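Participant: Make a model of this:
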Amino acid sequence: MRTRQSSRWGEAHWLNEPPEAVSEPAGGLRVTTAEGSDFWRTTSYGFVRDSGHALLAPFPRDSAVEVTFEATLPELYDQAGVLVRVDEGTWVKAGIESTDGSPHLGAVVTHGTSDWSLGPVPDWAGASVTVRVSRSGDALTVRARKGEGEWRMVRLAHLPADAEATAGPFCCSPQRDALTVRFTRFVLGPADRGLHEGP
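Facilitator: Got it, this is the predicted structure:
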């Protein structure tokens, strides 16, 4: 039996509205990015960017957000997935990003400054990808999968238990404009049963 999930499209609001966001008949959203859009704070690169496009809804404790999307991400640092945000200095983004000539599955965790972890997933290029972020206690558990495949663990990250957070689909194109991402699903449901049990 599937756990109950609720669609979040109607209660979400844009952080940095994109140049174009077109609703699709089946209920998805096609988003086109602005030039230089990104989320990053300081580490290694020395700059702060808070210009990425994210459609965010409340993300309470003991819940999980899932976002499904399709994108080819052909240019360096093209990216899409889920953003969890408390404020401009406290956030996590997780999903697919183009680097070293292929798509990579990874996450950036930011508490004042950003870090970055990732691994190559060349066969995920252009595929339907779902990113799931589960919130329980002071932890975010990030998982992802291609199509209806097995969930893969991406990251376990800290988020203060009492933080008021929002979450939802995001996309960025730090090196160019006009990346197009098709988001097909955005839902909230119960948190994962445990770190090693999954949804």
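Participant: In the sheet, which residues pair with the residue nearest to the spatial centre of the chain? Tell me.
Facilitator: What sits nearest the mean C-alpha location of the chain, by CA atoms, centre = their mean, is residue 82, with 1.4 Å. Taking DSSP bridges as the rule, residue 82 bridges to residue 94, residue 169.
Participant: How confident is the prediction for it, by pLDDT?
Facilitator: Here, the pLDDT recorded for residue 82 equals 98.
Participant: right, and it touches residue 94 too?
Facilitator: Yes. If you go by CB atoms under 8 Å, residue 82 and residue 94 touch, sitting 5.5 Å apart. From N, CA and C alone the C-beta is placed, and that goes for glycine too.
Participant: Look up the residues that both of those two are in contact with.
Facilitator: Common neighbours of residue 82 and residue 94, counting by CB atoms under 8 Å, 6 or more residues apart in numbering, are 131, 133, 142.
Participant: quick check, nearest of those residues to residue 164?
Facilitator: Lowest distance from residue 164 to those (CB to CB) belongs to residue 133, with 15.8 Å.
Participant: Flag every buried residue along the strand or helix carrying that closest one.
Facilitator: Per DSSP states H and E: residue 133 is located in strand 128-136. Buried residues in strand 128-136, counted by 16 or more other CB atoms under 10 Å: 128-136.
Participant: can you list the weak-confidence ranges in this protein?
Facilitator: Along the chain, segments meeting pLDDT under 70 span 1-4.
Participant: can I get the buried residues of strand 128-136 in CSV with distance to residue 187?
Facilitator: Shown next, in CSV, are the buried residues of strand 128-136 (distance: CB to CB, whole Å):
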residue, distance to residue 187
128, 15
129, 15
130, 10
131, 12
132, 10
133, 12
134, 13
135, 14
136, 17
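Participant: Could you find the closest non-adjacent residue to residue 17?
Facilitator: residue 53 (7.1 Å; CB to CB, 6 or more residues apart in numbering).
Participant: give the contact list for the one you found.
Facilitator: If you count contacts by CB under 8 Å, 6+ apart, residue 53 has them with 14-18, 31, 33-34, 37, 170-172.
Participant: same question, residue 180
Facilitator: Contacts for residue 180 (CB under 8 Å, 6+ apart) come out as 30-33, 71.
Participant: From residue 20, how far out is it?
Facilitator: Using CB to CB, to the nearest Å, we find residue 180 at a distance of 8 Å from residue 20.
Participant: Give the residues shared as contacts by these two.
Facilitator: In contact with both residue 180 and residue 20: 30-32, using CB under 8 Å, 6+ apart.
Participant: and the residue nearest to residue 102 when sequence neighbours are not counted, how far is that from residue 178?
Facilitator: Here the nearest residue to residue 102 in space, its sequence neighbours aside, is residue 122; by CB to CB, 6+ apart that works out to 4.6 Å. Using CB to CB, one gets 24 Å for the distance from residue 122 to residue 178.
Participant: same thing with residue 114?
Facilitator: Plainly put, residue 114 is 25 Å away from residue 178 if you go by CB to CB.
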